[in-house]
Structure formats: C-alpha cells, structure tokens
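Novice: My questions concern the predicted model and sequence given below.
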Amino acid sequence: MHFAFLIYSLYAVIGKFAVRETFLSTKFILLYCLIFFILCVYAIIWQQVLKAIPLSIATANKTATIIWGIVFGSLIFKEKISYTMIIGAVMILCGIVVLCMEKNDA
C-alpha cells in the first residue's frame, strides 16, 4: 500500500518540474504525460489495495503521502524541513498507528 503512495507522491515532484518549463513546450507536455501515466498506475494499484484493506484504514494511510512530499522536497528540491513539518509528520504517523490498532482490536 505504501509503495502505491510513494508512486502517487511522485506526480507532485514531476509537476514541480513541469511548471518550470514553458507552457506547451515539448518538455512540458512530456512531463504532464508522465504525470498522467503515474496517476493511472496509482489508480490501478489503489484498486488492488482496496480489495485487500478496509477503506478507512487505506484512506488514513494515504496521509503518508504528505511525509513523502516532505522527503522529496528536501532531497530533490533542497527545501528546508522545519520543526512544524516534523511534528506534523509524527502526528500523521501516530494517527495511522492508532487507527490501525483500533481496527485490529475490534
């Protein structure tokens, strides 16, 4: 499931590269075609995830894409990671853990 979220979060990275290009240039169009391809692959994987995992848990885990965004922003675009970003990421992870534990206890 988290592999699917990793793929999903790549569309934002490619999109950030695309907006740096001239509108409707060849590179711009190719990057947006790549975004479309990534989203299609993600949609197929997401449907398979939903067959195996309850929707509430899958959707809660989808918030992990925010963490991938922080990681990609730092590694690829050299963006600074603030303490509030770290606190937010920890809160997201805690929420996922709590929800998954709650569903397993029921």
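Specialist: Looks like it came in fine. Every value quoted in this text rests on a predicted model; they were computed, and no experiment measured them.

Novice: biggest helix in the protein, by residue count?
Specialist: Taking DSSP state H as the criterion, the chain has its longest helix at helix 26-52.

Novice: after that one, next one along is what?
Specialist: Next along the chain after helix 26-52, taking DSSP states H and E as the criterion, comes helix 55-61.

Novice: tell me how far that following helix is from the chain's mean position?
Specialist: 13 Å (C-alpha atoms, centre = their mean, to the nearest Å).

Novice: Which SSE is immediately downstream of it?
Specialist: helix 64-77.

Novice: Work out the gap between that next one and the centre of the chain.
Specialist: 9 Å.

Novice: Let's see it as CSV, backbone CA atoms only.
Specialist: Output of helix 64-77 as CSV, limited to C-alpha atoms (Å, rounded to 0.1, in the frame of the first residue of the first chain):
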residue,chain,number,x,y,z
ALA,A,64,1.6,9.3,4.5
THR,A,65,1.9,11.0,1.1
ILE,A,66,2.5,14.2,3.0
ILE,A,67,5.5,12.7,4.6
TRP,A,68,6.8,11.6,1.1
GLY,A,69,6.3,15.2,-0.1
ILE,A,70,8.5,16.4,2.8
VAL,A,71,11.2,13.9,2.0
PHE,A,72,11.1,14.6,-1.8
GLY,A,73,11.1,18.3,-1.2
SER,A,74,14.2,18.1,0.9
LEU,A,75,16.1,15.6,-1.2
ILE,A,76,15.2,16.8,-4.7
PHE,A,77,14.4,20.5,-4.3
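
Novice: Okay, buried residues for stretch 72-85 please.
Specialist: Buried residues in stretch 72-85, counted by 16 or more other C-beta atoms under 10 Å: 72-73, 85. Where you see a C-beta, it was placed from the backbone N, CA and C, and this is true even at glycine.
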